[in-house]
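Trainee: let me see the structure of the following:
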Amino acid sequence: MAKNPLFTDAEWSFDLLERAHDAIEEIARKELGLDPYPVQLEVVNYEQMLDTRASIGMPQIYPHWSFGKHFARSLHEYEAGMRGLPYEVIINSDPSICYVMEENTMTMQTLVLAHAAFGHAHFFRHNEQFIQWTDAKSVSDYFAFAKRYVARCEEAHGEARVEAVLDAAHALWNQGITRYVRKPMRNMHDEEDLQRLNPIFLPTKPDQNDE
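Mentor: Predicted structure coming up:
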C-alpha cells in the first residue's frame, strides 16, 4: 500500500477511484479476510440516481407509471431541499453493480467503495438465504428477461390489461408472505399434549424433605 496519501483534494477522478479501490481491496482481503463479488462501478448524476431509486435499484425494469410518479416526487423533494439522496446503490448480483454519484467528494467515494463495493458485496456472496434463493450470476439477465416478457405480454394482450395486472401486483408489493414464518406460541392444550407424549416434561413430585 502506498505510504503517500491516496488523495488530497475533494475532487475525484477515475484514476483516484482506481487507486482508492486497490488500497481498500488490499485491506479488505488481506487484513479483514473479506471475499466479495467483483464489482462493476457505475458513476451517475443525481437525476440518474433518483431514477435508479425510483425503479427499486433495478438496472433494467419493465415500464410502469408508478416508477415515474416516484421519480417526479423524489426530484421535486430533492430540488426543494426536502430530502437527500443515497450516496450509493448496489445490486446483489455477480458481479455486483455499484452506482455512485458524480456529485460525491473523493472522500465520500472512498467511503462508498469500502462500504458497498466490499462490505455489501461480501455480504451478498456469503449470505445463506440469498445463496439459497437467488442465483447471483443470473440476476441481471432475469431483469432483462422480465422487461422483455412484459413487453411481449403488452403486444399479445394489450397495454391496459397488463397495466391492470401490474397495478394489482404493485398494490400487494409490501404485503407478501415471508418464507420464514415465526412458529406460533403454544397454548395450554399444546403443553398438555406435549407432556402426555413426552413424560420427561411432566412436573416432578416435591421431595419429602422439602415439606
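Trainee: helices along this structure, start to end?
Mentor: Taking DSSP state H as the criterion, the chain carries its helices at 14-26, 46-54, 65-79, 106-112, 121-126, 128-133, 139-157, 159-171, 188-197.
Trainee: wait, which of the ones you listed is closest to residue 97?
Mentor: Between residue 97 and those, the shortest gap by Cβ to Cβ is with helix 139-157, which sits at 7.4 Å. Where C-beta positions appear, they are placed from N, C-alpha and C, glycine not excepted.
Trainee: report the buried residues of that closest one.
Mentor: If you call a residue buried by 16 or more other Cβ atoms under 10 Å, then helix 139-157 has these buried ones: 139-140, 143, 147, 150, 153-154.
Trainee: now those as JSON lines including distance to residue 104 and pLDDT?
Mentor: Formatted as JSON lines, those follow (distance: Cβ to Cβ, whole Å; pLDDT from 0 to 100):
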{"residue": "139", "distance to residue 104": "25", "pLDDT": "82"}
{"residue": "140", "distance to residue 104": "24", "pLDDT": "81"}
{"residue": "143", "distance to residue 104": "25", "pLDDT": "83"}
{"residue": "147", "distance to residue 104": "29", "pLDDT": "87"}
{"residue": "150", "distance to residue 104": "33", "pLDDT": "89"}
{"residue": "153", "distance to residue 104": "39", "pLDDT": "91"}
{"residue": "154", "distance to residue 104": "38", "pLDDT": "91"}
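Trainee: okay, and the beta partners of the closest residue in space to residue 48 that isn't next to it in sequence?
Mentor: Leaving aside its sequence neighbours, residue 48 sits nearest to residue 99 (Cβ to Cβ, 6 or more residues apart in numbering; 7.7 Å). In this structure, residue 99 has beta-bridge partners residue 42, residue 89, where bridges are defined by DSSP bridges.
Trainee: in this structure residue 99 contacts residue 109, no?
Mentor: No. With contact defined as Cβ atoms under 8 Å, residue 99 does not count as touching residue 109 (11.9 Å).
Trainee: now do the contacts for residue 41.
Mentor: Residue 41 makes contact with 17, 21, 98, 100, 113, 117 under the criterion Cβ atoms under 8 Å, 6 or more residues apart in numbering.
Trainee: Serialize the residues you listed to JSON lines and add fields for distance to residue 174, neighbour count and pLDDT.
Mentor: Formatted as JSON lines, these follow (distance: Cβ to Cβ, whole Å; neighbours: other Cβ atoms under 10 Å; pLDDT from 0 to 100):
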{"residue": "17", "distance to residue 174": "36", "neighbour count": "19", "pLDDT": "92"}
{"residue": "21", "distance to residue 174": "35", "neighbour count": "18", "pLDDT": "92"}
{"residue": "98", "distance to residue 174": "25", "neighbour count": "22", "pLDDT": "89"}
{"residue": "100", "distance to residue 174": "28", "neighbour count": "24", "pLDDT": "89"}
{"residue": "113", "distance to residue 174": "31", "neighbour count": "23", "pLDDT": "92"}
{"residue": "117", "distance to residue 174": "29", "neighbour count": "26", "pLDDT": "89"}
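Trainee: please identify which of the residues you listed is nearest to residue 39.
Mentor: Taking Cβ to Cβ as the measure, residue 39 lies nearest residue 117 of those, at 4.3 Å.
Trainee: roughly how far does the closest one sit from residue 25?
Mentor: Using Cβ to Cβ, to the nearest Å, one obtains 9 Å as the distance from residue 117 to residue 25.
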